[in-house]
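*Asks:* have a look; sequence and predicted model below, questions after that.
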Amino acid sequence: MIELKGLTKRYAGKSVVDDISLTLEDGEFGVLIGPSGCGKSTTLKMINRLIPASGGQILLNGDDVADLPVEQLRRRIGYAIQSTGLFPHWDVARNIATVPQLLKWPKSRIDDRVDELMALFHLDPAEFRGKYPHQLSGGQAQRVGVARALAADPEVLLMDEPFGAVDPLTREVLQAEMKRVHQQTGKTIVFVTHDMDEALSLATRIALLNQGRLVQYDRPIELMVEPADDFVREFIGQADLGLKLLSRRWVHQYQREARLQQTETLDSLHAHGWLIDDQGRPSALAGARLDDADAITRVKPEWIATPEMSMKEALSRMVWYRVMVLPVVDDAGKLIGEVGMQGVMGMQDEPEGALS
């Protein structure tokens, strides 16, 4: 979908982007990251020609962006920025509809698209359609900004540090929302950040830049386990590398069959086994506490795992609730397996599909 060939940008004879070449396939989530001044935002802005390139070539789905009329190019590319850029005198619905209105879509089509995107970003149209930007929280405004960027169904979405101005809790929620939206829409996304944890959480491909040059372009797992040099190793950070690895591995890759106890009472539970209710949901577990191997533990909603949960989050729940295993449940809450400390510790052996 996007190909950069020897992309270069010079100011006063100095290269701020120096001969970058990379390819991002259709539907991938690419992250540009690096220290301040490394050229990541400049690279992003050259893709939609907000900044003209000094050299090299940018292809969008095979088309050279330099040959496209700028209006046509920007209709094919959505753009979301840190400050959202919402028009303060327009309500949420009109802000989202900005580009479709410029394209002269029929009103009914615009209304349907606005409602569709508001639902996608968990913004109730009945509550938010008529609100103005000053009436929104930072997270809500950012959702509206991304929805506006997607309104005309562009081929590519560019995002320039979109979550950098929100608090850590809101940022984590927005990251989860962005992963969900990416999975549901299949859009090709190019995302700029300075936060390695954010990059590892979101990306299918990461481009690490330094002083205008591309140092390494890889999938997140490969970036961590096979860093190109000491700069990459130091930028990723070694102190919590194990936890970073766990953030890119999923419960479904390590879950095993749960052992059920054929009993209806807590008192008769023994050894290691699960007690389930009449709907197949886990209710208690024997022999799994870190501090008491004989204890019977009632299942709490807070430490239930799902197949799509990261192993980092699963491990965190095990440690916090002091249990050796977690129940893995489906969308209906039915027990479908378990995941435990033993699985976490066995992660030196890469399971099939871990490098995803």
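*Replies:* The structure has been received and is ready for your questions.
*Asks:* low-confidence stretches in the stretch 1-150 of the chain?
*Replies:* For the stretch 1-150 of the chain, the stretches flagged by pLDDT under 70 are 83-84.
*Asks:* how about the helices of it, start to end?
*Replies:* 40-47, 70-75, 92-96, 98-102, 107-120, 125-128, 138-150 (DSSP state H, counting those that start in this stretch).
*Asks:* for residue 224, find the nearest of those helices.
*Replies:* Closest to residue 224 of the helices of the stretch 1-150 of the chain is helix 40-47 (Cβ to Cβ; 19.3 Å). Heads up, the C-betas are built off the backbone N, CA and C, glycines and all.
*Asks:* picking that back up, how about the helices of the stretch 1-150 of the chain in a markdown table, adding mean neighbour count?
*Replies:* Converted to a markdown table, those look like this (neighbours: other Cβ atoms under 10 Å):
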| stretch | mean neighbour count |
| --- | --- |
| helix 40-47 | 22 |
| helix 70-75 | 14 |
| helix 92-96 | 24 |
| helix 98-102 | 16 |
| helix 107-120 | 16 |
| helix 125-128 | 14 |
| helix 138-150 | 23 |
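*Asks:* out of those, which is closest to residue 85?
*Replies:* So among these, helix 138-150 is nearest, using Cβ to Cβ, at 6.5 Å.
*Asks:* in JSON lines, list the helices of the stretch 1-150 of the chain along with distance to residue 212.
*Replies:* JSON lines is the format used below for those (distance: least, Cβ to Cβ, whole Å):
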{"stretch": "helix 40-47", "distance to residue 212": "8"}
{"stretch": "helix 70-75", "distance to residue 212": "24"}
{"stretch": "helix 92-96", "distance to residue 212": "35"}
{"stretch": "helix 98-102", "distance to residue 212": "32"}
{"stretch": "helix 107-120", "distance to residue 212": "36"}
{"stretch": "helix 125-128", "distance to residue 212": "41"}
{"stretch": "helix 138-150", "distance to residue 212": "27"}
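*Asks:* list just the one of those that sits closest to residue 276.
*Replies:* Of all those, it is helix 107-120 that lies closest to residue 276, at 34.2 Å by Cβ to Cβ.
*Asks:* that older thread, quick one: closest of the helices of the stretch 1-150 of the chain to residue 332.
*Replies:* Nearest of the helices of the stretch 1-150 of the chain to residue 332, taken as Cβ to Cβ: helix 107-120 at 22.5 Å.
*Asks:* who are the packing partners of the closest one?
*Replies:* Applying 3 or more Cβ pairs under 8 Å, 6 or more residues apart in numbering; DSSP states H and E, one finds that helix 107-120 contacts helix 92-96, helix 98-102, helix 125-128, helix 138-150, helix 168-185.
*Asks:* quick one: the longest one to helix 107-120, angle?
*Replies:* Calculated by axes from the mean of the first three to the mean of the last three Cα atoms, to 10 degrees, helix 168-185 forms an angle of 130 degrees with helix 107-120.
*Asks:* and for the closest residue to residue 89 other than its chain neighbours, the neighbour number?
*Replies:* Distance criterion Cβ to Cβ, 6 or more residues apart in numbering; nearest residue to residue 89, sequence neighbours excluded, is residue 132 at 7.6 Å. Residue 132 is flanked by 15 other residues according to other Cβ atoms under 10 Å.
*Asks:* doesn't residue 91 make contact with residue 132?
*Replies:* Yes - using Cβ atoms under 8 Å, residue 132 is in contact with residue 91, at 5.6 Å.
*Asks:* list the buried ones in stretch 206-220?
*Replies:* Within stretch 206-220, the residues that qualify as buried are 206-210, 212, 214-220, counting by 16 or more other Cβ atoms under 10 Å.
*Asks:* same question for stretch 160-180.
*Replies:* Within stretch 160-180, the residues scored as buried using 16+ other Cβ under 10 Å are 160-164, 166, 170-171, 173-175, 177-178.
*Asks:* count residues in the vicinity of residue 129, would you?
*Replies:* Neighbour count of residue 129, defined by other Cβ under 10 Å: 17.
*Asks:* nearest residue to it in space, please, no chain neighbours.
*Replies:* In space, and not counting its chain neighbours, residue 129 is closest to residue 93: 4.4 Å by Cβ to Cβ, 6+ apart.
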